[in-house]
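Asker: using only what follows, build the 3D model:
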Amino acid sequence: MDMHTASPEKGLRGIHIENSYSSSFSDLLEDFYLPAISVSANYRRAAGYFSSAVITAIEVALGDFLKNDGHVRIIC
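Answerer: Predicted coordinates for the structure are as follows:
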């Protein structure tokens, strides 16, 4: 799915989401994270480890996320 065709007004309902994803069969970044972040206004994550490299990986979607007045909350 082209994340730029997703509708921010519909949020996650505006994109196709599979029932499950496997890194063996899917490109999780391209197939899930980028489309989801580009139409979201909130990103909340609990992680035992966080690397700022994730910001570089999702930079393509961050512009749309910020246009949606996006907020990030990370708990490590």
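Asker: tally of neighbours for Tyr49?
Answerer: 5 (other CB atoms under 10 Å). No exception for glycine: its C-beta is placed from N, CA and C like everyone else's.
Asker: that's a helix at Leu12, yeah?
Answerer: Yes. The assignment for Leu12 is a helix, going by DSSP: H, G, I helix; E, B strand; the rest coil.
Asker: what sits against it?
Answerer: Taking CB atoms under 8 Å, 6 or more residues apart in numbering as the criterion, Leu12 is in contact with 36, 39-40.
Asker: make TSV out of these and add pLDDT, distance to Asp64 and secondary structure.
Answerer: Output for the contacts of Leu12, formatted as TSV (pLDDT from 0 to 100; distance: CB to CB, whole Å; DSSP: H, G, I helix; E, B strand; the rest coil):
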residue	pLDDT	distance to Asp64	secondary structure
Ala36	94	11	helix
Val39	94	7	coil
Ser40	93	9	coil
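Asker: out of those, the closest to Ile74 would be?
Answerer: Nearest to Ile74 among the contacts of Leu12 is Ser40, at 14.4 Å by CB to CB.
Asker: how near is that closest one to Ile15?
Answerer: Distance of Ser40 to Ile15, given as CB to CB, to the nearest Å: 10 Å.
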